[in-house]
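>>> predicted structure and sequence below. I'll ask about it afterward.
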Amino acid sequence: MTRVQKGAVWTLVCANLLYALLAIGLTTFALLSSSITVHQVCTRMTVAGLVAQLFEGQFAWRMVSGSNELFEENSNHGSKPKRVMTVRLPDGGTELGLLDTGSERTKSFVSTNQNRV
């Protein structure tokens, strides 16, 4: 059996209790200070939110309750699902864009890069 000084054990117990109280306090503060803006930011920082920002445009900018509402194809607008494609650029890079399937015969590439000339 190992002998440990009482002061060291009680210091450890008190430090653990202080950490537990700090965690409870920070959790309470976080719950009380959360708002609808925090939920909107968290929704848009997911992979689905970032994809919606890139390919959905203004439809992804409205207030939503979940990440599936960021996409136009999940709404009641009756739109077709969009197809993402890549295009090789002359300088060797690759660009992501949408395949516009307006009719079966004509398929065109719609760039998502607003800065490219």
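Noted; the coordinates are in hand. Computed from a predicted structure; not experimentally measured. Numbers count the residues shown, from 1 in each chain.

>>> in the chain, what spans have low per-residue confidence?
In the predicted model of the chain, residues 77-79, 100-117 satisfy pLDDT under 70.

>>> care to break it down by domain?
Per automatic domain parsing, the domain ranges recorded for the chain read 1-33, 39-79, 82-117.

>>> which SSE is Gly49 in?
According to DSSP states H and E, Gly49 maps onto helix 47-55.

>>> and that helix, what does it pack against?
Secondary-structure packing of helix 47-55 (3 or more C-beta pairs under 8 Å, 6 or more residues apart in numbering; DSSP states H and E): helix 36-44. C-beta: built from backbone N, CA, C; applies to glycine.

>>> go through the helix it packs on and flag the buried ones.
Thr43, Arg44 (16 or more other C-beta atoms under 10 Å).

>>> gap between it and the chain center?
Centre-to-centre, helix 36-44 and its host chain are 9 Å apart (C-alpha atoms, centre = their mean, to the nearest Å).

>>> going forward, the N-terminal residue is numbered 36.
Shifting the count to begin at 36 puts that one at helix 71-79.
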